[in-house]
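Trainee: When you get a sec, could you give me coordinates for this:
(2 chains)
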Amino acid sequence: MTWLESVVFWVAAIGAVAGGIGVVASRSAIYSALSLIVTLSQLAVMYLLLNAQFIAAAQILIYAGAVMVLFLFVITLLGVQEYPFLGHHLPYQRPLAVIFGGLMLLGIVFFVAQSPQSITGAHAQFNALLNQNNVAAFGLALFTAFIFPFEVTPMLLIVAMIGAVAIGRSRKGPEV
Amino acid sequence: MTPGPEHFLILGAILFTLGVVGVLTRRDPLIIFMSIELMLNSVNLTFVTFSHYLGTADGQVFVFLVMTVAAAEVVVGLALIVSIFQHLRELDVDELDEMRG
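Mentor: Alright, predicted model coming up:
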C-alpha cells in the first residue's frame, strides 16, 4: 500500500471506531443511527482500500442509504425516547458486559497477532482479474459458482416483504 | 505504519466487540438492532479482507448475500418493533418478558 492509502486507512479506522462507540453510547436512538451511518461510510472506504469497488458501492447504496433511511423512519415514527443506561433487572449488567466484551476482543486480537502469516499470507495467490477488474471477477463468481444462492435471494426478499406486510397490517383486518 | 491484513481484522474485531457490548447493555430495541447491524458489518469487513488477501472473489459474493439477508432482517425486525410499540405503547426490552399476546 502506498503512503496515501495508509493515511486513508488510519483516518477511516478511527472514524469507524468512533462511530461504533457513538452507536453504543448515545443517549438517544437518533444519534445512534447517525453514528451508524458514519461507521458504514467508513467501512465503504475500507472496501475501496481492499479493491472491492462493487461491495463499496453496494454498502453505500443498501446500508448507508436504504437500510438507514428505514431505521431513521421508524425512529421518527415511534418518537424519540431516552433510556437510563442501567437495566433494573440485572445488577452489574453494564460492567460485566464491558469486561466480557473486552476479554473477547483480547482473545481475537491474540489469535490474529499470534500468526498473521498463517492467516492469509501462506496460500495467497495473485488473482489479476480480481484486482484489476473487480466487478467482472465478482460477477463471474456470482453467476457461475454462486448461481443457486443468487437465485434463492429474491425468494427471501419476497418472503420478507410479505412477512412485513402481514405483521404491519392492523389487527382488525379490512373493515370496508 | 502500513496496514496489513491483521489491521483490518483487528478493526473488525473492535467493531464486533462494540456491537456485542451494545446488545448487552442497551434497553432500546432499536439500538440493540443497530448494534446487530454493526456486528454484521464487522464480519463483512473480515470477509472482504480475506477475499482481497487470498485473491478470490468468493468472500465478496458472501458479503453481497449477507447484505441481502440483513436487508430482509431489517424489514421484518422493524415491522415487529412497530407492532410491539402499537400494542404496548412502550419500548423497553426489560419489560418485554411476557409471551402473552
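
Trainee: When you work out contacts or count neighbours from here on, use the C-alpha atoms and nothing else.
Mentor: Fine.

Trainee: which stretches of the chain form strands?
Mentor: No chain was given, so I picked chain A. Chain-ordered strands for chain A, with DSSP state E as the definition, do not occur.

Trainee: Least confident secondary structure element in chain A?
Mentor: Taking mean pLDDT, DSSP states H and E as the measure, the helices and strands of chain A show their lowest mean at helix A:116, namely a mean of 59.

Trainee: Might you list the low-confidence residue ranges for chain B?
Mentor: Low-confidence segments of chain B (pLDDT under 70): B:1, B:97-101.

Trainee: Mind doing that once more with 80?
Mentor: Counting by pLDDT under 80, chain B contains low-confidence residues at B:1-4, B:87-101.

Trainee: For it, just list every one of the helices.
Mentor: B:5-25, B:29-54, B:58-88 (DSSP state H).

Trainee: Report whether stretch A:157-164 contacts chain B.
Mentor: Yes: contact of stretch A:157-164 with chain B (C-alpha under 8 Å from any C-alpha of the partner chain) involves A:L157, A:A160, A:M161, A:G163, A:A164.

Trainee: Could I have the ChimeraX command that selects the buried members from these?
Mentor: Only the buried members of the residues of stretch A:157-164 next to chain B enter the following ChimeraX selection, criterion being 16 or more other C-alpha atoms under 10 Å in any protein chain shown:
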select /A:157,160,163,164
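
Trainee: Save the helices of chain B as CSV, and put in mean neighbour count too.
Mentor: Rendered in CSV, the data for these read as follows (neighbours: other C-alpha atoms under 10 Å in any protein chain shown):
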stretch, mean neighbour count
helix B:5-25, 23
helix B:29-54, 23
helix B:58-88, 19
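
Trainee: Ok, which of these comes nearest A:L78?
Mentor: In this view, those are compared for proximity to A:L78 by C-alpha to C-alpha, and helix B:58-88 is the closest at 7.4 Å.

Trainee: helices and strands around the closest one, which ones?
Mentor: The contact analysis (3 or more C-alpha pairs under 8 Å, 6 or more residues apart in numbering or on different chains; DSSP states H and E) places helix B:58-88 against helix A:53-58, helix A:68-78, helix A:134-143, helix A:147-168, helix B:29-54.

Trainee: Mind putting these into JSON lines with distance to B:Q86?
Mentor: Formatted as JSON lines, the helices and strands packed on helix B:58-88 follow (distance: least, C-alpha to C-alpha, whole Å):
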{"stretch": "helix A:53-58", "distance to B:Q86": "33"}
{"stretch": "helix A:68-78", "distance to B:Q86": "9"}
{"stretch": "helix A:134-143", "distance to B:Q86": "41"}
{"stretch": "helix A:147-168", "distance to B:Q86": "10"}
{"stretch": "helix B:29-54", "distance to B:Q86": "14"}
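
Trainee: out of those, which comes closest to B:V76?
Mentor: helix A:147-168 (5.1 Å).

Trainee: Tell me the spacing between the spatially most central residue of chain A and A:L105.
Mentor: Central residue of chain A (C-alpha atoms, centre = their mean): A:L40, 6.2 Å from the mean position. As for A:L40, its distance to A:L105 is 20 Å (criterion: C-alpha to C-alpha, to the nearest Å).

Trainee: Measure how buried A:G79 is and give me the count.
Mentor: Residues within reach of A:G79, counting by other C-alpha atoms under 10 Å in any protein chain shown, total 10.

Trainee: Please work out how many residues are found near A:M155.
Mentor: A:M155 sits with 11 neighbouring residues when counted by other C-alpha under 10 Å.

Trainee: got the contact list for it?
Mentor: Under the criterion of C-alpha atoms under 8 Å, 6 or more residues apart in numbering or on different chains, A:M155 has no neighbours.

Trainee: any idea how far chain B is from it?
Mentor: 11 Å (C-alpha to the nearest C-alpha, to the nearest Å).

Trainee: so B:V20 sits right up against B:L40, yeah?
Mentor: No: between B:V20 and B:L40 there is no contact under C-alpha atoms under 8 Å: 10.9 Å.
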